[in-house]
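Q: Pasting a predicted model and its sequence here:
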Amino acid sequence: MSATHRPWRSVLYIPGSKERALEKARGLDVDAIIFDLEDAVAPGEKANARETLAAALRVGGYGSRAQLVRVNGMDTPWGGEDLETVMDAGPQAILLPKVGAATDVASIAARLDAHPGCAETRIWAMMETTRGVFNAAEIAQAPRMGGFVIGTNDLAAELGCETGGDRMPLMMALQTCLAAARMGGIPCVDGVFNAFKDEDGLRAECEQGRALGMDGKTLIHPAQVAICNEVFSPSQAQVDTAKRQIEAFEAAEAQGQGVAVLDGKIVENLHVATARKVLARAGGAS
Ligand SMILES: CC(C)(COP(=O)(O)OP(=O)(O)OC[C@H]1O[C@@H](n2cnc3c(N)ncnc32)[C@H](O)[C@@H]1OP(=O)(O)O)[C@@H](O)C(=O)NCCC(=O)NCCSC(=O)C[C@H](O)C(=O)O
Ligand SMILES: [Mg+2]
């Protein structure tokens, strides 16, 4: 399934060091998993996490959930070894932290090009630095680029802004990254909601992310999954309309028409593209 035609509603971080969580994720109703070697893993656990994660990836069992591995930055003592270990597993995607420019991505893409097991591996970018925000458009079009994950914690820390409430201080960064992702034709997944026991707060932030146009949200705890899937899933009425729009357009096309009419409204190519995205968002992992 291509990145643009699959759901990205719920994207769960799992610390690479936690065997129990790695096991539990095989049964969770999430669209994607971020296996984390970066911030969820303490410095003293980095080497152990790398091996624990490599073993879990070899065993597999994550079904149709998309799988991203977040490595440590290449400017840290761990990034290089993370990348070597992860490349040997032939991952679907590598998530780079604190991407500041397209060249950060291009240098990793060149290393993937040289690795025989990584022909299909995509690179995702954590958008969580002010430099990254201002270079978002070029990053979205970097080689092998698969999508953006917003890092609201790092962004807020660098900006020195407050994160609670309506996230107004982050809005320029969120919308800039989202617009760049749309220009590059890649998914954009919102940042985490830290207070994982606050269901109302999570729901409100999911709704805000959906209203902004985010494809989904990153999560830190299994208890956040159901609310996130619910908010980012289209309603049954939206799914039905999307299916009918596609059918109507295909029927019109078969008769040599470029435009269909459904319920008194025109259906053109762009509506069909939106309808297909609605159906993609309605999908789930298994
Ligand atoms: C937040 C946690 C530390 C809480 O852990 P814990 O107290 O162990 O939670 P529970 O006892 O409630 O766990 C219940 C069961 O769920 C499993 N579990 C917990 N978390 C996960 C998970 N993320 N994935 C899969 N399974 C999980 C436990 O193993 C329990 O299972 P069972 O034994 O069957 O009952 C913890 O949730 C956690 O570590 N979360 C991940 C934190 C993380 O990944 N942080 C880094 C990513 S966020 C980030 O970096 C943001 C970004 O970069 C930015 O800048 O914004
Ligand atoms: Mg971060």
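A: Looks like it arrived, so ask away. Ligands and ions are numbered 1, 2, ... in the order given.

Q: Next, the buried residues of the strand or helix carrying Leu155.
A: In the assignment (DSSP states H and E), Leu155 maps to helix 152-159. By neighbour count on 16 or more other C-beta atoms under 10 Å, the buried set for helix 152-159 is 152, 154-156, 158-159. C-beta here means a position set from N, CA and C on the backbone, and glycine is covered the same way.

Q: Report all helices and strands that that helix contacts.
A: When contacts are defined as 3 or more C-beta pairs under 8 Å, 6 or more residues apart in numbering; DSSP states H and E, helix 152-159 sits against helix 130-134.

Q: just the strands in the stretch 1-150 of the chain please.
A: For the stretch 1-150 of the chain, the strands defined by DSSP state E, counting those that start in this stretch cover 10-15, 32-36, 66-70, 93-96, 122-127, 145-150.

Q: As CSV, could you dump the C-alpha coordinates of the fifth one?
A: Coordinates of the C-alpha atoms in strand 122-127 are reproduced here as CSV (Å, rounded to 0.1, in the frame of the first residue of the first chain):
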residue,chain,number,x,y,z
ARG,A,122,11.6,5.5,2.8
ILE,A,123,12.9,8.3,5.0
TRP,A,124,10.5,10.2,7.3
ALA,A,125,11.4,13.4,8.9
MET,A,126,10.8,14.6,12.5
MET,A,127,9.8,18.2,12.0
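
Q: where's it relative to the chain centroid, distance-wise?
A: In terms of C-alpha atoms, centre = their mean, to the nearest Å, the centre of strand 122-127 is set 8 Å apart from its chain centre.

Q: How about the residues of the stretch 151-286 of the chain by ligand 2?
A: Residues of the stretch 151-286 of the chain found near ligand 2 (C-beta under 5 Å from the ion) are 151, 154.

Q: Residue numbers of the stretch 151-286 of the chain in contact with ligand 1?
A: For the stretch 151-286 of the chain, the residues in contact with ligand 1 (C-beta under 6 Å from any ligand atom) are 151-154, 191-192, 196, 220-222.

Q: and the two most separated of the residues you listed?
A: Asp154 and Pro222 (23.4 Å; C-beta to C-beta).
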